[in-house]
Structure formats: C-alpha cells, structure tokens
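> please find the sequence and the predicted model below.
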Amino acid sequence: MHTSPMKLITIVAEEVLEQHLVRDLDAAGATGWTITTAHGQGSRGLRAGASGGGNIRIEAVVSDEVAESMLERLAEHWFPHYAVVTWVENVQVVRGEKYR
Amino acid sequence: MHTSPMKLITIVAEEVLEQHLVRDLDAAGATGWTITTAHGQGSRGLRAGASGGGNIRIEAVVSDEVAESMLERLAEHWFPHYAVVTWVENVQVVRGEKYR
Amino acid sequence: MHTSPMKLITIVAEEVLEQHLVRDLDAAGATGWTITTAHGQGSRGLRAGASGGGNIRIEAVVSDEVAESMLERLAEHWFPHYAVVTWVENVQVVRGEKYR
C-alpha cells in the first residue's frame, strides 16, 4: 500500500497546558492530535508537574514544516518556564494528503 | 544486546471500533497489542468521535508483512467511513521471534 | 531548530512492575519517563497480565548507552518470567543535553 513520510511529534506536559498546547498545534498547522493522560517522574524532577496535577501526552502526525513550526512555538512559549518534553519521529502514513 | 527491526503500527479510532480493530489485527497476524484510552480533536474534525464517545489508541509491534496486511484491512474496512488515523514506524526489539 | 538524535524506549508490562521498572530506568541513567495506563491482549496470551490487573506503558527519551543498559536490565530481571514487551526508536529532541 502506498504510504507517505510524515513526522510524529509527541509532547508531554502538565495537564494545565493542554488547551494552550492544542492552540499552538492548531496555529502551527496540525490537522489533528491525540491526547492521553499520563503521569511521570524524573530523577531530576524534570517531568513532575509543578502544580501537583497529572500530565498529558499529546501526539500529532504533521508535515516537516508543521513539526518545525511547533518546535519553535514550544521553545518560545513553554520550554523556558515549564516542564515540557517533546520528541519528533519519522512515520509513514496512508492518505498523506489528510495531514496537510 | 541483539535487536531486530520490526514495525510499530499505531491506530487511533473511536472507542466503538476497539473490538473490530483488534479482530483485524489478530487476522492480520499480530501477536499482541497495547490499548490506551485517548481523546482528540482536529481543526477539520477528523479525529472527533462521531458518536460523542472517546477514542482509543492501539499499538502493535509487527513484521513488515503484518503491518502491510493491517493497512490493507484498515483501508478496506474503516478508512472510507470512520475517523481512523494510523501510522507506521521502524522500531528495534529484543527477541524478535516473539512477534512472528 | 537544532535537534539531537536520541532513543525512545517504550516498555509495556503489568502494572505491578511499575516501581521496579522505574527503578531500573533510574539506575540505567534515564532522567525522566512518562507512564500511561493501558490494557492489551495477545493471540498467544503474551500481553495479558497474569495478575488480572491492568498494564502500564512507560516511555523514556534516553541516550544510546542508557537504552542499551535498560535492555540489559530488562533481559536480566524481567523478560524470563514476566510479560514485558519493549521497543526502541530513533527520535529527535530539542535541548538534547537535558536527557544526559
């Protein structure tokens, strides 16, 4: 089956940031995202929610350009003051035009 | 440690499809899968469950052939009429023979 | 934006192993991890929790060396007697020094 290369961006952050991060994803050009609730820890405390609440894990399949734009938004808005962890992977999708 | 290349296929869909998708994975030859509950949205409504219920996120480590067979089943059964999002990645596993 | 290559290691196991696996991750050198609750099945029973409880899905962004060390710990402590599934992927992160 024909597949197209895309990026999968995953963001783990405090629950209180959910709507902010979704707004950034939308503004960056993502067409959809999946959110799961999570908890986490870090030996250096990196991932513990400062608010004592839980974490969320947001993932979105996006183009290279949207992934880059989202990383820039994260670096500008959230990395400096919040415990936000993010990573980007190469994935293959069917019907790549749905993500553009 | 010796690792083998496999595919990780992830499927996000409405909760009501869980048993159907699991049956397809089993028929395609997957030997196991992990399911988490999720919610999601899309600027074009792609990921909103039409039923108003939640979403599920199913992932399975499979061979290239099983991934291909599952994509064909998704395209035949679910892509035309349901909000199903799927992606495939390259992963490395220990004890690759367990997934065949 | 500048990104660095890292490994993402994902571990799916019975809930009762959570603290043990987290201790292994910490000992292997991981600086953080994200945990979601999951359920799963396998046509060969591989993923059903023997205890009847749920599963957890732990993921951590780590260096190659930490991924290798964690695989060795899993192989030594858990693979022989527990239903533990794990996979490793290549990811790109911003601020790679945070994971070392």
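Arrived safely.
> which positions in chain A make contact with chain B?
A:1, A:3, A:6, A:8, A:22, A:26, A:30-36, A:61, A:89-95, A:98 (CB under 8 Å from any CB of the partner chain). Just so you know, the C-beta spots here come from the backbone N, C-alpha and C atoms, and that holds for glycine as well.
> filter these to the buried ones?
A:3, A:6, A:8, A:22, A:26, A:30-36, A:61, A:89-94, A:98 (16 or more other CB atoms under 10 Å in any protein chain shown).
> what's around residue A:65, how many residues?
Applying other CB atoms under 10 Å in any protein chain shown, we find 12 other residues in the vicinity of residue A:65.
> how far does the one helix or strand it maps to sit from the chain's center?
Assigned by DSSP states H and E, residue A:65 belongs to helix A:64-77. Remark: helix A:64-77 is offset 9 Å from the chain centroid, using CA atoms, centre = their mean, to the nearest Å.
> pull out the buried positions in that helix.
Across helix A:64-77, burial judged by 16+ other CB under 10 Å covers A:66, A:67, A:68, A:69, A:70, A:71, A:73, A:74, A:77.
> filter these down to the ones near chain C?
A:68, A:71, A:74.
> tabulate these (a markdown table), appending distance to residue C:16 and pLDDT.
Conversion of these to a markdown table gives the following (distance: CB to CB, whole Å; pLDDT from 0 to 100):
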| residue | distance to residue C:16 | pLDDT |
| --- | --- | --- |
| A:68 | 41 | 98 |
| A:71 | 37 | 97 |
| A:74 | 35 | 96 |
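> where does chain A dip in pLDDT?
By pLDDT under 70, the low-scoring segments of chain A are A:42-53.
> change it to 50
When residues are selected by pLDDT under 50, those of chain A lie in A:45-51.
> closest to the centroid, which residue in it?
Nearest to the mean C-alpha position of chain A, by CA atoms, centre = their mean, lies residue A:11 at 3.2 Å.
> other SSEs contacting whichever strand or helix holds residue A:23?
Here residue A:23 sits within helix A:18-28, counting by DSSP H and E. Applying 3 or more CB pairs under 8 Å, 6 or more residues apart in numbering or on different chains; DSSP states H and E, we find helix A:18-28 packed against strand A:33-41, strand A:55-62, helix A:64-77.
> about what we covered before: now the residue nearest to the centre of chain A: how far from residue C:80?
For residue A:11, the distance to residue C:80 equals 35 Å [CB to CB, to the nearest Å].
> helix, strand or coil for the nearest residue to residue A:62 once chain neighbours are set aside?
Nearest residue to residue A:62, sequence neighbours excluded (CB to CB, 6 or more residues apart in numbering or on different chains): residue A:30, at 5.0 Å. Of the three states, residue A:30 takes coil under DSSP: H, G, I helix; E, B strand; the rest coil.
> identify the residues contacting residue A:30.
A:60, A:62, A:66, A:70, B:43 (CB atoms under 8 Å, 6 or more residues apart in numbering or on different chains).
> find the nearest non-adjacent residue to the fourth one, please.
Nearest non-adjacent residue to residue A:70, counting by CB to CB, 6+ apart: residue A:28, 4.3 Å away.
> list the contacts of that neighbour.
A:62, A:66, A:69, A:70, A:73 are the contacts of residue A:28 under CB under 8 Å, 6+ apart.
> and which of the buried residues of helix A:64-77 is nearest chain B?
Nearest to chain B among the buried residues of helix A:64-77, counting by CB to the nearest CB, is residue A:66 at 11.4 Å.
> what pairs with residue A:90 across the strands?
residue A:7 (DSSP bridges).
> ok, now how distant is it from residue A:18?
If you measure residue A:90 against residue A:18 using CB to CB, the figure is 26 Å.
> do residue A:61 as well
For residue A:61, the distance to residue A:18 - CB to CB - is 19 Å.
> what comes up buried for the helix holding residue A:23?
A:18, A:21, A:22, A:24, A:25, A:26, A:28.
> look through chain A and state the residue closest to chain B.
Residue nearest to chain B within chain A: residue A:32 (3.3 Å; CB to the nearest CB).
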